[in-house]
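1. here is my input, please return the structure:
(one chain, ligands or ions: 1)
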Amino acid sequence: MAGARKPGRNFLFVPGPTNVPDRILRAMHIALEDHRSSDFPKLTLPLFEDLKKIFKTREGQVFIYPSSGTGAWESSLTNTRSPGDKLLAARFGQFSHLWIDLARRHGLEVVVQEEEWGTGVDPERIEEALRADKGHEIKGVMVVHNETATGVTSNVAAVRRAMDAADHPALLYVDGVSSIASIDFRFDEWRVDLAITGSQKGLMLPAGLGIVCASQKALGAMKDATCRRAYFDFADHMRANPTGYFPYTASLTLLHGLRESLAMLQEEGLDNVFARHRYLASGARAAVRAWGLKLCAREPKWYSDTVSAIMVPHGFNGADVIDRAYRRYNLALGAGLSQMAGKLFRIGHLGDLNELMLLAAISGAEMAMNDVGIEVELGSGVAAAQAEFRGATQVREQKVAAE
Ligand code: PLP
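-> Numbering: from 1, shown residues only. Predicted structure coming up:
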């Protein structure tokens, strides 16, 4: 089709899938192999061990599925629950909503605490509900650590403290799809029972792996759990995984990519990866301030280091900004979802990313906003982010020099 070619790079700034680094692309550029060969466990066994470091767990058991994050959601629930079981969940964005919906479709009863979109889990309300549940009918608390739809990070440690304060035995289910490997996540320390992630965000891979980490307590819940499960049954994986195999054909290409991704995360150092995300996010937030716009996240305590959801002024449609950015500047921004449709656009700043890449996205967002009539000053967001980066770098360098 004449004129269809878009020269130059596509700037991928949706909050997942994220940029796949060249190293990972090369690692995946392989001829396929026999997933039942005697060599296969050399690839797979270290993956389970290295993923445990990403979850920050010694005791947890990792499961890898050829699925997306949604499959990991399903796996966490069906392996540990029975139809009719009661769960407690806060809803404050499209992903917390979808997880609740999935649980209900499996016959689980979800008590929903509605929170304003732009805020997150309220640990006090969780504690209150658990204290009131004298008979321990609530079997699990579901928390979306980072609500990708609104750019809100909740405090999982505080939820764990609330559960402890109420002395409640419910399992703690945490969606870490857009936090794990980008924002600090501590499976053992927070005593998470089921943590869920996918390959296409902090792990810098294409979509196609759903990953679950289960505590020993969660594995203990399997024997009484009668939810229907087949493809996602932990038990089949627990039989095959210890020798390095899977109960069905593995995503060999993605597993090779995962090998490289984990090596890259180890080389940078997980804590440095978190610090980089915090630093880049502060640049994105400085740009939003300079534009005179607001984040969907109501207060700094909710700010996400992996995605900024930016409210467009009244009378404008966020979808127009996104469409313009994509068609004219080859820049992919994230859309507003469900009740936020049209009201915002999102810049994903997670995965394999540095300052200049993010500045390109900020620049493109500025131009697209101007094109659709939102009068932010051209260059203002870029300059504010640059100043933020320069200041932060000086602080960082001083810190290094002082040590
Ligand atoms: N949970 C969160 C927080 C997400 O951001 C997403 C996807 O973006 C999902 C779950 C669903 O994951 P997937 O689309 O990989 O099925």
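2. is it true that residue 88 touches residue 141?
-> Yes - between residue 88 and residue 141 there is a contact under Cβ atoms under 8 Å: 5.0 Å. Every residue, glycine included, has its C-beta placed from N, CA and C.
3. shared neighbours, these two?
-> Common contact partners of residue 88 and residue 141 (Cβ atoms under 8 Å, 6 or more residues apart in numbering): 126, 130, 170.
4. which element follows the helix or strand in which the first one is found toward the C-terminus?
-> Per DSSP states H and E: residue 126 is located in helix 123-132. Remark: after helix 123-132, the chain's next helix or strand is strand 138-144, criterion DSSP H and E.
5. parallel or antiparallel, list what pairs with that following strand.
-> strand 86-91 (parallel), strand 171-175 (parallel) (DSSP bridges).
6. how about it, does it reach the ligand?
-> Yes - with Cβ under 6 Å from any ligand atom as the criterion, the ligand is reached by strand 138-144 at residue 144.
7. what's the average pLDDT for that strand?
-> Looking at strand 138-144 alone, the average pLDDT works out to 98.
8. now do stretch 226-241
-> 98.
9. can you check stretch 13-22 too?
-> Rounded to a whole number, the mean pLDDT of stretch 13-22 is 98.
10. let me see the confidence value for residue 401.
-> Taking residue 401 on its own, its pLDDT is 56.
11. again with residue 102
-> For residue 102, the predicted pLDDT is 98.
12. repeat that for residue 294.
-> 98.
13. likewise for residue 91?
-> Per the predicted model, pLDDT is 98 at residue 91.
14. contacting residues around it?
-> Contacts of residue 91 by Cβ under 8 Å, 6+ apart are 97, 100, 112, 113, 114, 115.
15. thinking again about what came up before, for the helix holding residue 126, list every residue counted as buried.
-> 123, 126, 127, 129, 130 (16 or more other Cβ atoms under 10 Å).
16. ok so, going back, may I see the shared contacts of residue 88 and residue 141 arranged in JSON lines, with pLDDT as well?
-> As requested, the shared contacts of residue 88 and residue 141 are arranged in JSON lines below (pLDDT from 0 to 100):
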{"residue": "126", "pLDDT": "98"}
{"residue": "130", "pLDDT": "98"}
{"residue": "170", "pLDDT": "98"}
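17. can those residues go into JSON lines with extra columns for distance to residue 256?
-> Listed next are the shared contacts of residue 88 and residue 141 as JSON lines, based on distance: Cβ to Cβ, whole Å:
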{"residue": "126", "distance to residue 256": "40"}
{"residue": "130", "distance to residue 256": "43"}
{"residue": "170", "distance to residue 256": "38"}
